[in-house]
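[1] For reference, the sequence and a predicted model appear below.
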Amino acid sequence: MKRPFQWLCLALLPVFAGCETDDEFDGPSLNDLYGAFAILSPFQSSADTVDFSSGSTVHFTAEFSKNVSWILEVKGLESGAVKEISGFSKQLDAVNSVWNGTTTRLPFFKSEPCAVMLRFEAESDTLLDTIFVSGTRNYPGLLLSDFEGVANPGWTSFVQSGADMSFGIQTNGTAAQGNGYFDIGGAVNWDFLIAYLFMPATAYGAPTFNLSSNPELVYFNTMLYKPENLNNGIMLFQFQEDDNQDGTFTPASEDMYAVEVQMNQNNWSQLSVKYSDLQTLVNGQPASPNGNGVREPHKLNQVNILFLANPASGYANARLDYMIFTEGAALEP
Amino acid sequence: MQKLHTHLLLLILVCLGLGTQAQEDRKVNFTGLARGLYFGDRLNQEGATPDTVTPPRLNSGHVMVDLGVNIRPNKNTEILGMVRVRNDYGGFWGSGVTFDVRQLFVKGVIGGIVKYQLGDFNYRMSRYTLWNYNQEVIGRMPAIFQQQTDVLNYEHFYENDNSWRQQGASLSFALVFKKFLKELQVNAVTTRVRPSDFNQVNDRLFSGLNLQLVQSKYLNLGFNYANLYDVAETSNNTVGLRNPVLTGTINALYGNSHFTLSLDGEFGRSRTFYVNSTEAPDWNGRFTDFNLKLSQPKWGLYLSGNALQVGSAFRSPGAQTKRIDFGQQALAFSRITNNQELRPYNMLDLMRESSFYVMQLRPFLMEFAPQYDNITPFGDATPNRQGAIIRLGYEKKGQPLKAEFAHYALQEMRGEGTLKPRMFSRNQLMVEARVNEYFKNWKKRLNISFHYRSDKTSREADDLVRGVDLQTEALSAGIELEVLPSLDVLFGIQTLQYKGFDFTAVRNNFSEIFNFNEFEVDGNEQMLGYGLRYRFSDKTFLSAQMNRFQNANALGTLPDYSLNQFMMLFQLKF
């Protein structure tokens, strides 16, 4: 090592060699943020007709010059139902644009032609297509009623003798699902209760509903509608459990859970509540249950639907549709 | 508060009394600085509609004294306590007076071997571990403007050795060897960068270790460890920063009476991560920086070549914390026009406003101003740079002329938002001369200085994204002419022009880029100043100067404007 300095310089030669750049970059792509937008391959659906009842799905394809925020909207031309799928990508494909017949904005889709529109958050382009839904989705679960046709004869009800009372299934094309819904309305100036509808398990052929015993798995779902100018309605759903399984519900010694909904959301909306989240309510306030205090969906023997309104508030109205128990997850309409 | 002021004044007087007695045996000395500073500004806007909202005149200034008592209770111990009394103009009868403790330290030698220092001190390690790089553009100005910058630098403890003011403890010692090696120097430091709030903010410390192995005057090897880290359990926050940096240095010298060849290099790596955080990145960065310099002592000429690679993930808060926080707003004429729009900072603001300057290390990459410096905004430690720097210069001991030309040819190691890297080019010329020394009988001072810098950043456009092309030119020239004994006429000009387009990175709290903003400028700034300075001694002067600053911007909504500034500065160091 007689000439250490020269050796050192030789060893450092690679440092002085040419510059190479990484094959990846820092931050988001400038092309995505500021590059010009162009459609490189046309927007189209994977099928012209789709039957969701058989489990089929449809997806859409397109390719762009850069990653963009896109919104795909499918609109039922008869029902008015809307399905929205959104994403941020350079292409639409079978991974990011699959439609299985579900709805984003109620009502449910029908068997109908649908208009498909692809638009972009930061671009003015809009791409159009059409598909035909030949069969709607099947929804697994215990259906209490879709309110199509006539009422279940096992149901019991009570209606106050107020003014402008309405109580029953209506069929006029404005339902959340299908053609029929249940309409409740009226003005009762002496009582909160306007009307109630009781759905006992016996109306479905058994002393209790055929539900899982695990309250974490069971969901109660229904579609609710409120007219735009009425905000005074209260919908109370009660769930009576036959704790001792003697075939009758005893209010003083058995559990009754409930969920109360202030009807303040216009048009159709979905109510989905997990059974384990139900509370015992007294005058709208949580209270201790009278029975064993255990939420036992498999012992549920009756669902009560009570429509209430402040007697001083005048006319109230609400609609119900597609009432169903699902297991594992809330209903995806 | 009034009581506190009284007590502090009494303390100062007692110290002065003690000092008078103690001066004789040199156990107590006084040190410090006194300053009187006055600014008178006038704003002139050149908008089509006269501004009837903004008052065009602004006066400000202060008088202050930093009084330090340096006590040496024994030959191995030194204690310094310095208090500041400051009165802003307009504060009468004590209402605007502030008292602060400016610095306090104890230092000494243990057993004649280990040096230690506790309290406030300036500390510096290597250029990639702990180094306080000069501020952009105004780091080196003509003497007339430098007076204002020097005030700022003093206020923030920015020393010429590029050290950072820290508060903590340091120690150093050396082991001397008989054979093969000359000595091993050991330097260690730990300082507190941020105190805990006992809620969600942890104590943050900086620790450094430097080992310097001196083989001979021809070879010197070094090892540096620096870490900025949060101390666990000093608050309820379990997330903690860790940013260790390890570097090695080499200084080798070879030469004879005809030439000298020297090699100075530093290389190392960093890791940046947060414990107990799933969101924070874990970055590993590297760098190498070697400089080979060939000097001809007889002619005073030198030529050096510098090759560097600093990875985009290299993070070293001690070296990458900037002096200027460009996120701040100028206080003088902060809003102008009838719409009271915020006025962006300019060269004059950066030259005199204290609010832009930081004192503590920052754990993230700070904002910078691409129009002022887009190439080395974080000094040599600017991440994501590679390339070469060539310097050709003249500097000879005892000669009154110093000159250097430098050319930077750098590029990014990793593209930002695209695979294509930005390319950087800089040409820089510096000439400084004490002209009177060329003439045998000319004893009065005549100093001239000239600095020119031309920067260019470029990146090719691709099919869809706009290319980058940003140019900056900075020029400054100054004259100090002594017309009567100790009375100097000062003149200076500094211009800055910038034009072009770039994308600026927007970073999150972890310094990750999550967006890019389009950045377009087309403007120029010019400062012209003249004045007089009377030097009572090397440490005391009185200066009065007139400066005219002009700002023109072809883009944006603000009109062009100018600022006429009168400044009077008296400064006394003792």
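    Nice, thanks for sending it over.
[2] I'd say A:V50 and A:T57 touch.
    Yes - look at A:V50 against A:T57 with Cβ atoms under 8 Å: they come within range, at 7.1 Å. (Each C-beta comes from the backbone N, C-alpha and C, glycine too.)
[3] Give me the more crowded residue out of these two.
    A:V50 (22 against 13; other Cβ atoms under 10 Å in any protein chain shown).
[4] Not counting its neighbours along the chain, what's nearest the more buried one?
    Excluding the flanking residues, the one nearest A:V50 by Cβ to Cβ, 6 or more residues apart in numbering or on different chains is A:V58, at 4.3 Å.
[5] Quick one, grab the pLDDT at the one you found.
    At A:V58, the model reports a pLDDT of 95.
[6] Rounded mean pLDDT for stretch A:312-319, please.
    The pLDDT scores in stretch A:312-319 average 93.
[7] Can you check which residues contact both of A:V50 and A:T57?
    By the contact definition Cβ atoms under 8 Å, 6 or more residues apart in numbering or on different chains, A:V50 and A:T57 are jointly contacted by A:W99, A:G101.
[8] What's the separation between the residue nearest the centre of chain B and A:W268?
    Centroid check for chain B by Cα atoms, centre = their mean gives B:N134 as the closest residue, at 3.2 Å. Distance, B:N134 to A:W268, using Cβ to Cβ, to the nearest Å: 67 Å.
[9] And A:M117, by the same measure?
    For A:M117 relative to A:W268 (Cβ to Cβ), the value is 21 Å.
[10] The two: which is more packed in?
    Using other Cβ under 10 Å as the criterion, A:M117 and A:W268 rank with A:W268 on top: 24 against 14.
[11] ok so the more buried one is a helix residue?
    No - A:W268: not assigned to a helix; according to DSSP: H, G, I helix; E, B strand; the rest coil it is strand.
[12] Just confirm it contacts A:Y322, I think it does.
    No - the pair A:W268 / A:Y322 is not scored as a contact, 9.8 Å apart, by Cβ under 8 Å.
[13] sorry, back to before: hang on, isn't the residue nearest to A:V50 packed against A:S45?
    Yes - the pair A:V58 and A:S45 qualifies as a contact (Cβ under 8 Å) at a distance of 5.6 Å.
[14] what about those two, which has more around it?
    Per other Cβ under 10 Å, whichever of A:V58 and A:S45 has more neighbours is A:V58, with 23 against 20.
[15] List the beta-bridge partners for the more buried one.
    Here A:V58 sits in beta bridges with A:W99, going by DSSP bridges.
[16] who's in contact with the residue in the stretch 1-150 of chain B positioned nearest to chain A?
    Of all residues in the stretch 1-150 of chain B, B:Y128 sits closest to chain A, at 14.9 Å by Cβ to the nearest Cβ. B:Y128 is in contact with B:N224, B:V245, B:T247, B:E266, B:G268, B:F287, B:D289, B:S316, B:A319, B:D380, B:A381, counting by Cβ under 8 Å, 6+ apart.
[17] Whichever strand or helix holds B:V506: what's the following helix or strand?
    Using DSSP states H and E, B:V506 sits within strand B:487-507. Sequence-wise, the next helix or strand downstream of strand B:487-507 (DSSP H and E) is strand B:513-537.
[18] distance between that next one and the chain's centre?
    With Cα atoms, centre = their mean, to the nearest Å as the basis, strand B:513-537 stands 15 Å off its chain's centre.
[19] and that strand, which residues are buried?
    B:513, B:516, B:519, B:521, B:523-527, B:529, B:531, B:533, B:535 (16 or more other Cβ atoms under 10 Å in any protein chain shown).
[20] packing partners for that strand?
    helix A:30-34, helix B:143-155, helix B:347-352, strand B:468-484, strand B:487-507, strand B:540-553 (3 or more Cβ pairs under 8 Å, 6 or more residues apart in numbering or on different chains; DSSP states H and E).
[21] Report the angle between that strand and strand B:540-553.
    Interaxial angle, strand B:513-537 versus strand B:540-553 (axes from the mean of the first three to the mean of the last three Cα atoms, to 10 degrees): 150 degrees.
[22] is it true that B:P142 touches B:T495?
    No - assessed by Cβ under 8 Å, B:P142 is found out of contact with B:T495, at 11.6 Å.
[23] Looking at these two now, which is surrounded by more residues?
    Using other Cβ under 10 Å as the criterion, B:P142 and B:T495 rank with B:P142 on top: 24 against 17.
[24] and the stretch 101-250 of chain B, which of its residues are near chain A?
    B:Y218, B:L219, B:I250 (Cβ under 8 Å from any Cβ of the partner chain).
[25] now, which of those sits nearest B:E46?
    Of all those, the one with the least separation from B:E46 (Cβ to Cβ) is B:I250, at 55.3 Å.
[26] On the secondary structure side, give me the element for the closest one.
    Assigned by DSSP H and E, B:I250 falls in strand B:240-255.
[27] Which strands border that strand, and is each parallel or antiparallel?
    By DSSP bridges, strand B:240-255 pairs with strand B:219-230 (antiparallel), strand B:260-275 (antiparallel).
[28] starting at the chain centroid, how far to it?
    21 Å.
[29] What's the mean pLDDT across it?
    Mean pLDDT, strand B:240-255: 96.
[30] Give the bridge partners for the closest residue to B:L294 other than its chain neighbours, please.
    The shortest distance from B:L294 to any non-neighbouring residue, by Cβ to Cβ, 6+ apart, is to B:L303 (5.0 Å). For B:L303, the beta-bridge partners under DSSP bridges are B:L294, B:L392.
[31] And for B:M423?
    Applying DSSP bridges, one finds that B:M423 bridges with B:Q411, B:S458.
[32] does it really touch B:R459, like I thought?
    Yes - assessed by Cβ under 8 Å, B:M423 is found in contact with B:R459 at 6.7 Å.
[33] Touching, B:V245 and B:R286? I think so.
    No - contact criterion Cβ under 8 Å: B:V245 and B:R286 do not qualify, at 10.6 Å.
[34] list residues touching both of the two?
    Each of B:G268, B:R269, B:S270 lies in contact with both B:V245 and B:R286 under the rule Cβ under 8 Å, 6+ apart.
[35] Could I have the buried ones of these as ChimeraX selection syntax?
    A single ChimeraX command is used to select the members of the shared contacts of B:V245 and B:R286 judged buried by 16+ other Cβ under 10 Å:
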select /B:268,269,270
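[36] nearest to A:N214, of the shared contacts of B:V245 and B:R286?
    Using Cβ to Cβ, the shared contacts of B:V245 and B:R286 come closest to A:N214 at B:S270, 52.4 Å.
[37] Nice, that's everything, thank you.
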